[in-house]
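Asks: sequence unknown, structure follows:
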């Protein structure tokens with residue numbers, strides 16, 4: 001993978017810098033002050049490709065105060081050009097002040113040579129597109145960082161370790177931890193197989209125990225079968241004896257039902273006799289009553305005739321009274337309608353007077369409006385001018401906030417860098433080793449003091465800048481608060497504008513209303529005068545008044561006499577009783593013959609039912625004798641039925657026992673089949689266990705991983721020597737020993753590094769800083785190349801972020817010499833440093849500069 005173009009937006013310290021073009025650059029220096037964002041460019045490359053950047057979350061990478069960021073990288077893979085764009089946007093704010101989940105988009109483009117433009121080659125999801133990028137590059141994030149990056153303080157991280165630690169680190173770099181995962185999976189599968197085999201063995205043991213019971217179960221089955229046949233014969237005999245008496249219960253039930261029926265019939269006959277006696281008594285009472293009425297027949301007929309005559313007289317007087325009331329109601333209605341007509345004129349007069357008064361008040365109010373309307377126009381003009389000035393102040397606040405955000409981001413970076421310097425100072429101050437713990441160079445007292453002074457000076461510069469930024473941020477906050485207060489004051493005043501505008505419209509409307517009201521007052525005055533004349537002259541309801549006079553004359557001509565009517569009503573009340581007595585007389589004449597017939601019929605029914613009751617009593621005695629005989633037969637039948645049911649229960653139990661034994665015999669046959677299948681499964685699992693035991697040993701540290709390391713060490717040794725040959729003109733070489741003889745005999749595993757030069761071969765620890773540094777650097781680059789080759793990738797780019805600040809002049813020259821010696825192995829070598837003295841050592845410089853608008857990159861030659 002060879003980067004050709006990098007474009008950033010709101011990524012860490014960068015806002016919108018110009019794109020970085022890598023085409024035509026072979027060896028370059030990425031330089032600038034600490035905290036400017038040099039290493040952030042490498043973070044941008046790893047984030048856009050793999051979504052990872054030195055342990056930071058995606059949202060932490062967004063420039064302070066911004067909502068989204070974007071990184072676009074164009075690169076060559078082989079001869080094909082690709083472009084990757086990754087974008088991240090912060091989630092929305094929740095009610096509790098926290099943010100929701102953000103959103104990431106990822107787009108992959110390939111260069112289409114036919115149309116000479118990029119073409120989208122995304123997968124359906126971000127994760128699937130990231131997988132496609134890994135397959136395209138043959139590199140994941142960890143492999144890329146361990147191969148293409150030479151990070152600060154890690155050039156000697158391999159050579160200074162013990163032999164055992166060297167072997168462990170090499171295994172990690174080669175990604176052999178996957179074999180540990182495979183070993184664990186093999187162990188887990190072995191554990192599962194052993195568990196299943198143990199379960200199968202227990203099941204087979206249980207099956208053998210059950211199958212061994214078969215002879216005993218056969219013997220029990222034969223005995224149960226014989227017992228069942230004997231019980232069946234007994235059940236048959238008991239059933240025959242029971243059936244001999246099976247009709248006794250039905251006969252007993254029938255006799256008992258007949259007894260209840262006869263008893264019920266006797267009760268019914270007694271009730272009928274009582275009812276007949278009651279009917280005879282009622283008929284005799286009614287007959288005596290009607291004979292008494294018949295004795296007063298002449299008096300009743302005369303009184304009833306007089307009653308009808310008085311009724312006719314009363315009806316004639318009532319008709320005259322009803323006619324008089326109808327006329328009086330009509331007269332009242334005419335009076336009411338005439339009064340309503342007068343009231344309507346009075347209401348119209350009142351309405352006209354009210355309208356005249358209201359119009360006059362409106363006219364009086366309009367005279368005071370003109371001056372107030374002029375004042376409102378003046379207030380609106382002043383507030384509109386203030387509203388225009390508020391927009392200008394808001395723009396000033398936005399500019400101050402943007403500057404404040406830039407200073408805050410810069411101070412955050414400065415704080416992290418000062419903490420790093422503090423840690424390095426503590427390491428230098430407390431070290432007692434002969435080698436510098438930062439650069440692994442010889443450390444005498446003068447060099448230590450030089451490093452302390454340089455670090456303290458660097459820390460002071462960053463602290464001064466941090467404090468200056470903080471002071472400026474406080475000044476900005478004060479300015480923002482002052483301007484916000486001004487905006488608040490203006491906003492409070494401008495808030496009156498809607499009220500004043502509404503008031504202006506209201507006053508203008510009132511002025512127009514006053515003019516119209518004056519015209520309405522004159523119109524209503526004319527209407528009022530006409531209504532008052534009509535009321536005084538009774539000029540209303542003429543037809544109704546004529547109808548009233550005619551109705552009053554008709555009422556006077558009726559001649560109704562109330563006293564006569566009252567006397568007639570009194571006589572009518574006195575004679576009213578003859579109405580009922582005449583009705584009773586007529587009823588007596590009709591009912592006496594019928595009552596006499598009914599009395600004779602009731603006496604006949606009573607005699608007949610008494611005769612039937614005697615016959616029922618005789619039948620009841622016969623039934624009771626029969627029931628005593630049937631009870632004896634019923635008791636014997638129930639005893640035989642109980643015996644029959646008991647034997648049937650024993651028969652069912654015997655059938656169930658025989659069936660259960662038969663099923664157990666059938667299940668034993670099934671067990672034999674299952675036993676065969678489980679035995680086959682046991683043999684198959686045993687074979688699998690053997691295979692997984694071999695896999696566990698092969699995946700273990702003494703298996704395939706050991707073979708990979710043994711195969712990689714010669715390749716690593718050859719690559720390291722090729723680099724050392726160019727860096728030292730063939731004077732130095734390395735040799736790796738992975739075994740050595742024990743003093744007690746045998747061979748021990750090791751990983752010793754031997755360095756050869758004009759004086760012979762010596763252990764790595766015996767070499768001085770310069771020679772050791774060359775070995776360290778050559779070995780680190782060789783490991784990067786080895787890791788890339790094993791991943792199937794071509795290592796075309798090398799990024800070196802090795803801390804030059806901790807090296808003395810000689811150390812810096814050695815590192816530059818080493819980089820120059822290996823530059824032809826790569827298409828692009830990019831060295832990161834903040835040391836100004838090293839700029840001239842590189843043909844191309846990418847200079848990072850800080851500014852209030854974010855860091856920027858400038859190309860220097």
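Replies: Everything's here; your move. Predicted, not measured: the structure shown is a model, and the values here were computed from it.
Asks: roughly how far out does the lengthiest helix in the chain sit from the chain middle?
Replies: Ranked by number of residues, the top helix in the chain under DSSP state H is helix 577-699. Distance, stretch centre to chain centre, for helix 577-699: 57 Å (C-alpha atoms, centre = their mean, to the nearest Å).
Asks: State the next helix or strand along the chain beyond that helix.
Replies: Using DSSP states H and E, the helix or strand that follows helix 577-699 towards the C-terminus is helix 704-728.
Asks: For that next one, give the mean pLDDT please.
Replies: Computed over helix 704-728, the mean pLDDT rounds to 82.
Asks: Buried residues in it, which are they?
Replies: For helix 704-728, a neighbour-count test (16 or more other C-beta atoms under 10 Å) marks 704-706, 708-709, 712-713, 716-717, 719-724, 726-728 as buried. Backbone N, C-alpha and C define where each C-beta goes, glycine included.
Asks: Outline the domain layout of the protein.
Replies: As assigned by automatic domain parsing, the chain contains the domains 1-140+825-861, 177-286+601-695, 297-366+526-573, 369-495.
Asks: Which secondary structure elements does the longest helix of the chain sit against?
Replies: If contacts are counted by 3 or more C-beta pairs under 8 Å, 6 or more residues apart in numbering; DSSP states H and E, helix 577-699 sits against helix 177-211, helix 214-244, helix 248-294, helix 297-366.
Asks: export those to a markdown table and tack on mean neighbour count, distance to residue 454 and mean pLDDT?
Replies: Converted to a markdown table, these look like this (neighbours: other C-beta atoms under 10 Å; distance: least, C-beta to C-beta, whole Å; pLDDT from 0 to 100):
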| stretch | mean neighbour count | distance to residue 454 | mean pLDDT |
| --- | --- | --- | --- |
| helix 177-211 | 14 | 40 | 88 |
| helix 214-244 | 14 | 95 | 83 |
| helix 248-294 | 14 | 124 | 84 |
| helix 297-366 | 14 | 88 | 84 |
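Asks: Just put the ones you listed in JSON lines and tack on distance to residue 482.
Replies: Converted to JSON lines, these look like this (distance: least, C-beta to C-beta, whole Å):
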{"stretch": "helix 177-211", "distance to residue 482": "60"}
{"stretch": "helix 214-244", "distance to residue 482": "104"}
{"stretch": "helix 248-294", "distance to residue 482": "114"}
{"stretch": "helix 297-366", "distance to residue 482": "46"}
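Asks: Relative to residue 478, tell me which of those wins on proximity.
Replies: Nearest to residue 478 among the helices and strands packed on helix 577-699 is helix 297-366; the distance by C-beta to C-beta comes to 52.5 Å.
Asks: Next SSE downstream of that closest one?
Replies: Counting by DSSP H and E, the next helix or strand C-terminal to helix 297-366 is helix 369-430.
Asks: Could you point out which of the helices and strands packed on helix 577-699 sits nearest residue 798?
Replies: Residue 798 lies closest to helix 177-211 among those, at 24.9 Å (C-beta to C-beta).
Asks: just the angle between that closest one and helix 704-728, please?
Replies: 180 degrees (axes from the mean of the first three to the mean of the last three C-alpha atoms, to 10 degrees).
Asks: Which other helices and strands does helix 177-211 contact?
Replies: Here helix 177-211 touches helix 577-699, helix 704-728, going by 3+ C-beta pairs under 8 Å, 6+ apart.
Asks: run the last query once more with 10 Å
Replies: Judged by 3 or more C-beta pairs under 10 Å, 6 or more residues apart in numbering; DSSP states H and E, helix 177-211 is in contact with helix 163-173, helix 577-699, helix 704-728.
Asks: for these, which one sits closest to residue 286?
Replies: Nearest to residue 286 among these is helix 577-699 (5.4 Å), distances taken as C-beta to C-beta.
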